[in-house]
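>>> Below is the structure, and that's it, no one-letter string:
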């Protein structure tokens with residue numbers, strides 16, 4: 001896990017909500033969300049309400065086995081790309097750059113994890129062949 005300080009006080013209330021959901025996650029996705037959320041809060045990078053809600057939904061569903069980590073990453077690609085477009089259109093280059101990077105990193109995570117991660121159905125013993 002990337003989160004280094006358990007007594008850290010979050011500056012951004014939305015990031016605190018993400019932390020409360022992702023802290024202690026057993027999935028790799030949840031642990032990655034937790035560490036990146038901590039890092040971005042330390043750097044004073046915000047998160048839109050839409051993305052906050054999407055990330056929380058993804059963490060909860062991945063932890064329950066209702067959504068694959070691959071699909072969670074794919075959903076974040078779209079959400080962060082939308083946020084980046086909105087930030088750039090408002091002239092907020094720093095925020096938009098971070099969101100665009102988040103979209104790219106989630107795309108890469110989806111592709112990489114697709115090479116070794118079982119889908120929820122495969123975890124239940126239902127294989128595609």
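Perfect, thanks for sending it. The structure displayed is predicted, hence computed values, not measured ones. Residues are numbered from 1 along each chain as shown.
>>> And the contacts of the helix or strand bottoming out on mean pLDDT in the chain?
Every helix and strand of the chain was ranked by mean pLDDT, DSSP states H and E. The lowest is helix 120-123, at a mean of 75. Residues outside helix 120-123 that contact it (CB atoms under 8 Å, 6 or more residues apart in numbering): 65, 66, 67, 68, 127, 128. Heads up, the C-betas are built off the backbone N, CA and C, glycines and all.
>>> now with 7 Å?
65, 66, 68 (CB atoms under 7 Å, 6 or more residues apart in numbering).
>>> I figured the last one hits residue 114, correct?
Think residue 68. No. Counting by CB atoms under 7 Å, residue 68 does not reach residue 114; the two are 9.0 Å apart.
>>> Pull the residues that contact stretch 96-109.
With contact meaning CB under 7 Å, 6+ apart, stretch 96-109 is reached by 45, 73, 76, 77, 80, 81, 83, 84, 87, 88.
>>> Pull up the per-residue confidence for the fifth one.
Translated: residue 80. Residue 80 is assigned 97 on the pLDDT scale.
>>> same thing with the first one?
Note on residue 45: pLDDT of 95.
>>> Please state the backbone phi and psi of it?
Per-residue torsions, residue 45: phi -100, psi 120 (degrees, to the nearest 10).
>>> and what of the last one?
Main-chain dihedrals, residue 88, degrees, to the nearest 10: phi -60, psi -40.
>>> How about the fourth one?
Backbone dihedrals for residue 77, given as degrees, to the nearest 10, come out at phi -60, psi -50.
>>> For it, the count of nearby residues, please.
Other residues lying near residue 77 total 18 when counted by other CB atoms under 10 Å.
>>> ok, it to residue 44 distance?
24 Å (CB to CB, to the nearest Å).
>>> repeat for the last one
Distance, residue 88 to residue 44, by CB to CB: 19 Å.
>>> ok, those two, which is more surrounded?
Between residue 88 and residue 44, residue 88 has the larger neighbour count (other CB under 10 Å), namely 15 against 10.
>>> Find the nearest non-adjacent residue to the more buried one, please.
Nearest residue to residue 88 in three dimensions, chain neighbours excluded: residue 96, at 4.0 Å (CB to CB, 6 or more residues apart in numbering).
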